[in-house]
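Undergrad: mind looking at a prediction? Sequence and model below.
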Amino acid sequence: MTKPPMTMQPGVPDGHQTEPETEDSARTPASLPGSGTIDRLVEAAQDYARAATSDNTLRAYAQDWAHFARWGRMHGAELLPPSPEAIGLYITELAAPSGRTAALSVASIERRLSGLCWGYAQRGFRLDRKDRHIATVLAGIRRKHARPPVQKEAILPQDLREMLATLPHDLRGLRDRALLLIGFAGGLRRSEIVGLDHGKDDTPDSGGWVQILDDGALITLRGKTGWREVEIGRGSADQTCPVHALTQWLHFSRIDFGPVFVAVSRDGRRATPDRLSDRHVARLIKQCVEDAGLRPDLSKADRLRLYSGHSLRAGLASSAEVDERHVQKQLGHASAEMTRRYQRRRDRFRVNLTKAAGL
């Protein structure tokens with residue numbers, strides 16, 4: 001591979017940026033004279049541009065660009081304008097690093113490329129991921145290093161009951177019990193759980209809201225695939241009913257406005273106005289798995305790596321004995337194939353096309 005030119009150009013970022021840039025997403029067209037109305041439209045367009053991508057994704061993209069900028073400084077590589085040769089060298093080092101740095105997975109490298117595309121777009125450039133040089137190097141990395149994705153362990157109903165039994169019977173326990181049950185029964189992502197508000201438009205950062213009805217809870221979500229409704233029916237017993245758990249939490253925490261899942265004061269006696277982070281969901285699942293003693297055949301480190309927020313979604317997909325299309329709708333998947341990836345114990349070969357074809 002030909003080594004790219006090693007001259008730095010003015011304006012190369014220094015890698016210390018922490019907040020994503022959005023100003024380039026909407027500017028005043030050169031053909032339009034400036035005015036109060038145009039300025040207002042530009043400001044509104046910038047707000048819409050910022051809302052086009054989730055905060056977590058923007059933070060990840062900013063970190064990707066910062067890492068790329070540090071790599072450029074270390075090697076004296078030219079980063080602006082985009083150089084396919086430099087990008088090829090960069091992703092090669094990600095796949096086969098020198099020293100003790102761990103190699104990234106193919107999926108992580110592709111995510112880094114998405115971050116670089118975003119970073120260049122913020123600086124007025126376009127990175128073509130389909131460029132022959134980049135595409136060829138990436139294809140070689142896929143061929144040599146690609147592995148089947150490591151799936152997280154599904155939390156099945158009996159696992160969930162054992163996890164719930166480890167929670168205390170105080171305000172914090174009420175909250176975490178409702179969080180786990182709503183997350184499981186709704187097949188919700190971590191961000192969707194903590195993004196819930198009590199009512200519609202309660203907060204600017206709301207990801208959805210909850211309505212408690214006679215037959216269950218109706219959750220309206222703004223997810224990856226747009227707005228969708230998730231129906232959570234009442235359970236057969238109060239101890240495992242997600243709607244009962246949510247009602248108890250809202251009653252004793254006195255939440256009637258704003259975020260549903262919030263932090264609890266240090267003395268455990270009152271709910272604060274502070275929305276929980278999605279990281280709390282992951283920590284809660286790992287702690288409950290450890291306290292419940294699930295998968296005792298594994299070491300603690302392996303056990304904690306095996307479970308995550310996706311374990312709740314996988315648990316619902318794996319245990320719900322209903323038509324697959326209902327599970328697909330609940331999880332908000334665009335295809336049945338994606339839903340099948342979450343099903344850890346599907347009834348395989350139930351449909352035998354070989355025999356159906358007469359063989």
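TA: Alright, I've got the coordinates.

Undergrad: now the terminal residues of stretch 189-199, how far apart.
TA: 19 Å (Cα to Cα, to the nearest Å).

Undergrad: okay, now the sheet partners of the one helix or strand Trp227 maps to, with direction.
TA: Taking DSSP states H and E as the criterion, Trp227 maps to strand 226-233. Counting by DSSP bridges, the strands paired with strand 226-233 are strand 216-223 (antiparallel).

Undergrad: so what's the gap between the strand holding Trp227 and the chain middle?
TA: Mean-position distance between strand 226-233 and its chain equals 18 Å (Cα atoms, centre = their mean, to the nearest Å).

Undergrad: got the contact list for it?
TA: Residues from elsewhere that reach strand 226-233 (Cβ atoms under 8 Å, 6 or more residues apart in numbering): 182, 185-188, 215-221, 242-243, 329-330, 332. Quick note: C-beta positions are derived from backbone N, CA and C, even for glycine.

Undergrad: give the buried residues for that strand.
TA: 228, 230, 232 (16 or more other Cβ atoms under 10 Å).

Undergrad: likewise for stretch 295-307?
TA: Buried-residue list, stretch 295-307, by 16+ other Cβ under 10 Å: 303-304, 306-307.

Undergrad: then stretch 275-292?
TA: Of the residues in stretch 275-292, those buried (16+ other Cβ under 10 Å) are 275-276, 278, 280-282, 284-286, 288-290, 292.

Undergrad: where do the helices of the stretch 51-200 of the chain begin and end?
TA: Using DSSP state H, counting those that start in this stretch, the helices assigned to the stretch 51-200 of the chain run over residues 55-75, 84-95, 106-122, 132-145, 157-164, 171-186, 190-194.

Undergrad: in TSV: the ones you listed, plus mean pLDDT.
TA: Below are these laid out as TSV (pLDDT from 0 to 100):
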stretch	mean pLDDT
helix 55-75	89
helix 84-95	92
helix 106-122	91
helix 132-145	91
helix 157-164	93
helix 171-186	94
helix 190-194	91
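
Undergrad: for those, which one sits closest to Phe252?
TA: helix 171-186 (5.9 Å; Cβ to Cβ).

Undergrad: surely Val106 touches Lys144?
TA: No. The criterion here is Cβ atoms under 8 Å, and Val106 misses it with Lys144 at 9.4 Å.

Undergrad: more crowded one of these two?
TA: Val106 (20 against 10; other Cβ atoms under 10 Å).

Undergrad: roughly how far does the residue nearest to that one when sequence neighbours are not counted sit from Glu93?
TA: Ranked by Cβ to Cβ, 6 or more residues apart in numbering and with sequence neighbours excluded, the top spatial neighbour of Val106 is Ala146, at 4.8 Å. Counting by Cβ to Cβ, to the nearest Å, the separation of Ala146 from Glu93 is 18 Å.

Undergrad: can you list the low-confidence ranges for the stretch 151-300 of the chain?
TA: Applying pLDDT under 70 to the stretch 151-300 of the chain flags the ranges 223-225.

Undergrad: chain center to stretch 139-147, what's the gap?
TA: With Cα atoms, centre = their mean, you get 24 Å for stretch 139-147.

Undergrad: and it, which residues are buried?
TA: Residues Ile141 are the ones in stretch 139-147 that count as buried (16+ other Cβ under 10 Å).

Undergrad: check which element follows the strand holding Trp227 along the chain.
TA: Using DSSP H and E, the first helix or strand after strand 226-233 is helix 242-253.

Undergrad: run through who's touching that next one.
TA: 171, 174-175, 177-178, 181-182, 184-186, 198, 210, 212, 216-217, 232-235, 238, 255-256, 260, 262, 264, 270-271.

Undergrad: make it 6 Å
TA: With Cβ atoms under 6 Å, 6 or more residues apart in numbering as the test, helix 242-253 has contacts from 174-175, 177-178, 181-182, 185, 216-217, 232, 234, 238, 271.

Undergrad: can you select the buried ones among the residues you listed for me in ChimeraX?
TA: Typed into ChimeraX, the line below selects the buried ones among the contacts of helix 242-253, using 16+ other Cβ under 10 Å:
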select :174,175,177,178,181,182,185,216,217,232,234,271
